[in-house]
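*Asks:* based on what follows, work out the 3D shape:
(chains A, B and C)
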Amino acid sequence: MAPITDGQSLKQLVLGRKDVQDMSDTEADLPPDLMTVNMGPSHPAMHGTVRIVLTVDGEKIVKGDVQPGYLHRCFEKESEYATYTQVFPYTDRLNYVSPMINNCGWAMAVEKLMGLTGKLPRRAEYVRVIVSEMSRITDHLTCVGASAMELGAFTPFLYLLKCREWLYQLLEKVSGARLTHSYVRVGGVSKDLPDGFAAELLGCLDKIASVMVECESLLNNNKIFRDRMAGIGKLTKEDAIKTGCVGPIARAAGVDYDVRRDYPYSIYPEVEFDVPLGTTGDCYDRYLVRIEELKQSMRILRQCFAQIPDGPVMSDDHRVTLPAKGATYNTIESMIRHFKHIVDGVRVPAGEGYAFLEGGNGELGFFVVADGTGRPYKAYCRSPSFVHLSTAEMLFKDHFIADVVPIFGMINMIGGECDK
Amino acid sequence: MGVELTTTRLEDAAKWAKQGKLARIPDWGRKFSLFTYPFVTACCGMEFMSVAAPKYDIARFGAEFPRFSPRQSDLLMIVGTITEKQGPALKRVFDQMAEPKWVIAFGVCASTGGFYQNYHAMPGADQVIPVDVYIPGCPPRPEQVLDALMMLMDRIQDGRGHSQLRLKREQMIAQKTEE
Amino acid sequence: MSQKVLDALTAALPGAVVRTGSAHGDEIAWIKREELVPAATWLRDDPKMLFDAPVFCTCIDWLDWKPVGRPVAEYWNETKPRFTVAYQLRSTTHKHRLRLEIELPENDARLPSLADLWPAFNWQERETFDMYGIRFDGHPDLRRIYLYEEFVGYPLRKDYPKEKRQPLVRRDDLPINPIKGPHAGEHK
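*Replies:* Predicted coordinates:
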């Protein structure tokens, strides 16, 4: 090789190119063709497992191919082999940050097909709404905490997880499990709230409110947080509707749709709450909408505890309830009925129906086809995360690779719900 | 196999006692500074976050900072269900880790598949990679996770993790073939 | 709840609608496969309808349909169509909902795609293809979404056994290795 005499030959030596023309330094260093970068399926953004194949031009994303399905656990196929009550644990693991809401959704779908909608005891409905709103709060805490951590803000993550830990302990008192509760049953809930629960939860809400003040002061006007979130991943209102977006993402884009207010179910007509709306549809708006929804959920919880009546927490319709324990152990007819109820399942008359409610991510619905036996013929879950993830390709366009992190975080794609 | 291995606990204890203090220190260091790679897939991820959070605090065991690169970590925590589609990715991550490395199967889905017995959920992560400690639970309580971590730390100290045994086996085979 | 939607649809496009029905508060319209795209376009654009928000797209396989408490004539047999693809739509302005159902025979499970009208159906139709094998003509990118490319078969069909695994990778020293061992290829 010829001895190095000038800067041009040094460039040839280092870059290995045969003909380096007289370009400026930056042009000589950057290759012109598009590069494929793989983000996935196991990556630090702790929001489930998804593979994103990005085609980038330098740092700018030209095309992003999102490939879900790494957590496809066959909810629909498993449901066809399980009784209606045995499907509740599978629904817990769909949106695993707000499991009570999934439980309530499945119960609502089955009750719709049996004609029990609106005929449950009032206390059962109130308990369902209380645990659903607690789950919604845990969902938003986890989403905001994890997204903040991915952007480098570790402190709000720890603070919000501390709040989530208090709620998990309360949910454990109610249902027995911290995360996957399987608490709701067709026709009500499995057991009543424990004694002293109201006082504990209301104290916990006060503590959460003060922690939220701290977190908001850390994040809302934080220059780094705003620069990374504001103006990123904008979604217009028309696009949000066409692509099926619902929930906090659609509300951040200005779509005024909340299932609790527009198609009210359970006891939501009797509680007052506001539905926050954003304007620009970027990540910062989604964050603000989630924080505000959290506060509205706390407002709903306080009203529920003021209004909750006494009474049974399970319907007394003989098709869905187990017979009383005294009768089960002492009369043969009740024992047989108990046995058939557990083994065959709740028998739902043949038909199809779609019931939906407001999940942590938006309209979560269950489309059930029943065939008269105790096992569903088909159980389809309309998962909002799946629909939102399909908009990710559109949102990534013309952003930098580093913007993938806040966009993906604020979509709140929960792997279990997306991949079912 | 033709190579003598320590197979009973009595022999193991005797060897450990005869082992000099100097030989035990690297394992002692390794067990108290585990760099975890949390291969988080599903709901157990929430309990992993709780374990890392202030109340259950995995930091007091030294396993605080997750290293999100297999090249820089030595403990692979498989958190959540592994599906058939994920299998090649998991194997690749495991192969990229440097020896000695340990694996914890966190949750019953990673241990045996849990109640997901279907065409896509792999019946346990140990179909693809060797696992040292299995944590049952759906999801396991954080106390169970800490118990499993302490169990793993005992194993590391004794040199009985799968990769440590493999290294020892290879060393012994190499010694034998030299003779 | 919105019977007038069904009435308006039958009045505007009588050739497209096979029958209508209402069950548990849902309105359902069975549509002929050939008229699906004109019907869907009309439903989206007509000012009284304005179904601008897609909700879901899925498929029902009637192979094992033997409903308890119904006459035997309603059981499935080979003369009836095996699949029904269901699309649920919603209107943000008028707040009504509608389900379109299209019946398809097994040997000709093809359907025109609605992905151009509502982009949300892009991924949902891919999911239906992946799980049931329904082909959507005109879909921009019809490939598997949940399962991997090497997977053979359509798992949510009733004749696919639940536990039939098709593993991609297994350890070399497994006692029963479905990929390489003596029992290779015999997926349970």
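
*Asks:* I'd like to know which helix or strand in chain C has the lowest mean pLDDT.
*Replies:* Each helix and strand of chain C was given a mean pLDDT (mean pLDDT, DSSP states H and E); the minimum falls on helix C:3-12 at a mean of 86.

*Asks:* how about that helix, which residues are buried there?
*Replies:* Buried residues in helix C:3-12, counted by 16 or more other Cβ atoms under 10 Å in any protein chain shown: C:5, C:6, C:8, C:9. Using the backbone N, CA and C atoms, a C-beta is placed for each residue, glycine as well.

*Asks:* so who does the second one touch?
*Replies:* What that stands for is residue C:6. C:20, C:22, C:27, C:29, C:98 (Cβ atoms under 8 Å, 6 or more residues apart in numbering or on different chains).

*Asks:* cross those against strands and list the overlap.
*Replies:* C:20, C:22, C:27, C:29, C:98 (DSSP state E).

*Asks:* redo those as TSV? Include pLDDT, distance to chain A and neighbour count.
*Replies:* Shown next, in TSV, are those (pLDDT from 0 to 100; distance: Cβ to the nearest Cβ, whole Å; neighbours: other Cβ atoms under 10 Å in any protein chain shown):
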residue	pLDDT	distance to chain A	neighbour count
C:20	89	14	17
C:22	88	11	13
C:27	89	11	20
C:29	91	14	23
C:98	91	11	22
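
*Asks:* output those as TSV; include the columns distance to residue A:384.
*Replies:* As requested, the ones in strands among the contacts of residue C:6 are exported to TSV (distance: Cβ to Cβ, whole Å):
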residue	distance to residue A:384
C:20	28
C:22	26
C:27	22
C:29	25
C:98	20
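
*Asks:* so which of the residues you listed comes closest to residue B:153?
*Replies:* Proximity of those to residue B:153 (Cβ to Cβ) peaks at residue C:98, which lies at 60.0 Å.

*Asks:* does that closest one touch residue C:55 like I think?
*Replies:* No - applying Cβ atoms under 8 Å, one finds residue C:98 not in contact with residue C:55, separated by 9.5 Å.

*Asks:* list the buried residues of stretch A:57-76.
*Replies:* For stretch A:57-76, by 16+ other Cβ under 10 Å, it's A:61, A:64, A:66-76.

*Asks:* to clarify, my last question referred to stretch B:35-54.
*Replies:* B:35-53.

*Asks:* so which of these are in helices?
*Replies:* B:44, B:45, B:46, B:47, B:48, B:49, B:50, B:51, B:52 (DSSP state H).

*Asks:* name the nearest of the contacts of residue C:6 relative to chain B.
*Replies:* Among those, residue C:98 lies closest to chain B (Cβ to the nearest Cβ), at 32.6 Å.

*Asks:* residues touching residue A:345, list them.
*Replies:* Contacts of residue A:345 by Cβ under 8 Å, 6+ apart are A:83, A:84, A:85, A:86, A:373, A:374, A:375.

*Asks:* let me know the pLDDT of residue A:419.
*Replies:* We have a pLDDT of 89 for residue A:419.

*Asks:* relative to chain B, how far out is it?
*Replies:* 8 Å (Cβ to the nearest Cβ, to the nearest Å).

*Asks:* and what of residue C:39?
*Replies:* 35 Å.

*Asks:* the longest helix seen in chain C vs chain B: in contact?
*Replies:* Ranked by number of residues, the top helix in chain C under DSSP H is helix C:120-132. No - counting by Cβ under 8 Å from any Cβ of the partner chain, chain B has no neighbours in helix C:120-132; the shortest distance is 10.9 Å.

*Asks:* burial count for residue A:381?
*Replies:* Using other Cβ atoms under 10 Å in any protein chain shown, residue A:381 is surrounded by 25 other residues.

*Asks:* report all helices and strands that the host helix or strand of it contacts.
*Replies:* Using DSSP states H and E, residue A:381 maps to strand A:376-382. Secondary-structure packing of strand A:376-382 (3 or more Cβ pairs under 8 Å, 6 or more residues apart in numbering or on different chains; DSSP states H and E): helix A:75-79, helix A:87-92, strand A:362-370, strand C:53-61.

*Asks:* and with 6 Å instead?
*Replies:* helix A:75-79, strand A:362-370, strand C:53-61 (3 or more Cβ pairs under 6 Å, 6 or more residues apart in numbering or on different chains; DSSP states H and E).

*Asks:* switch the ones you listed over to CSV; also include mean pLDDT and distance to chain B.
*Replies:* Shown next, in CSV, are the helices and strands packed on strand A:376-382 (pLDDT from 0 to 100; distance: least, Cβ to the nearest Cβ, whole Å):
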stretch, mean pLDDT, distance to chain B
helix A:75-79, 92, 6
strand A:362-370, 93, 16
strand C:53-61, 93, 15
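
*Asks:* count of neighbours near the closest residue to residue B:44 other than its chain neighbours?
*Replies:* Spatial nearest neighbour of residue B:44, excluding adjacent residues (Cβ to Cβ, 6 or more residues apart in numbering or on different chains): residue B:107 at 3.9 Å. When neighbours are counted by other Cβ under 10 Å, residue B:107 registers 31.

*Asks:* state the distance from residue B:107 to residue A:55.
*Replies:* As for residue B:107, its distance to residue A:55 is 35 Å (criterion: Cβ to Cβ, to the nearest Å).

*Asks:* now swap in residue C:51 and tell me
*Replies:* On the measure of Cβ to Cβ, residue C:51 and residue A:55 end up 34 Å apart.

*Asks:* same deal with residue B:172?
*Replies:* Here the criterion is Cβ to Cβ. By it, residue B:172 lies 50 Å from residue A:55.

*Asks:* what's the helix or strand for residue A:248?
*Replies:* Judged by DSSP H and E, residue A:248 forms part of helix A:247-252.

*Asks:* and that helix, is it in reach of chain C?
*Replies:* No - under the criterion of Cβ under 6 Å from any Cβ of the partner chain, chain C is not reached by helix A:247-252; the shortest gap measures 9.1 Å.

*Asks:* so for that helix, mean pLDDT?
*Replies:* On average, helix A:247-252 scores 92.

*Asks:* does anything pack onto that helix? Which helices or strands?
*Replies:* helix A:283-307.

*Asks:* which parts of the helix it packs on are buried?
*Replies:* Buried residues in helix A:283-307 (16+ other Cβ under 10 Å): A:283-301, A:304-305.

*Asks:* residues from chain C in reach of chain B?
*Replies:* So chain C meets chain B at C:148, C:155, C:162, C:163, C:164, C:165, C:167, C:168, C:169, C:170, C:171 (Cβ under 6 Å from any Cβ).

*Asks:* give me the subset of those that also touch chain A.
*Replies:* Checking the residues of chain C next to chain B against chain A by Cβ under 6 Å from any Cβ, the ones in range are residue C:162.

*Asks:* tell me which residue is most central in chain B.
*Replies:* The centroid of chain B falls nearest to residue B:103 when counting by Cα atoms, centre = their mean (2.2 Å).

*Asks:* dump whichever strand or helix holds that residue to PDB, restricted to CA.
*Replies:* For residue B:103, the element it lies in under DSSP H and E is strand B:102-106. C-alpha atoms of strand B:102-106 as PDB (Å, rounded to 0.1, in the frame of the first residue of the first chain):
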ATOM      1  CA  TRP B 102     -27.600 -18.800  35.000                       C
ATOM      2  CA  VAL B 103     -31.200 -19.000  34.100                       C
ATOM      3  CA  ILE B 104     -34.300 -18.500  36.300                       C
ATOM      4  CA  ALA B 105     -37.700 -19.500  34.900                       C
ATOM      5  CA  PHE B 106     -40.000 -16.900  36.600                       C
END
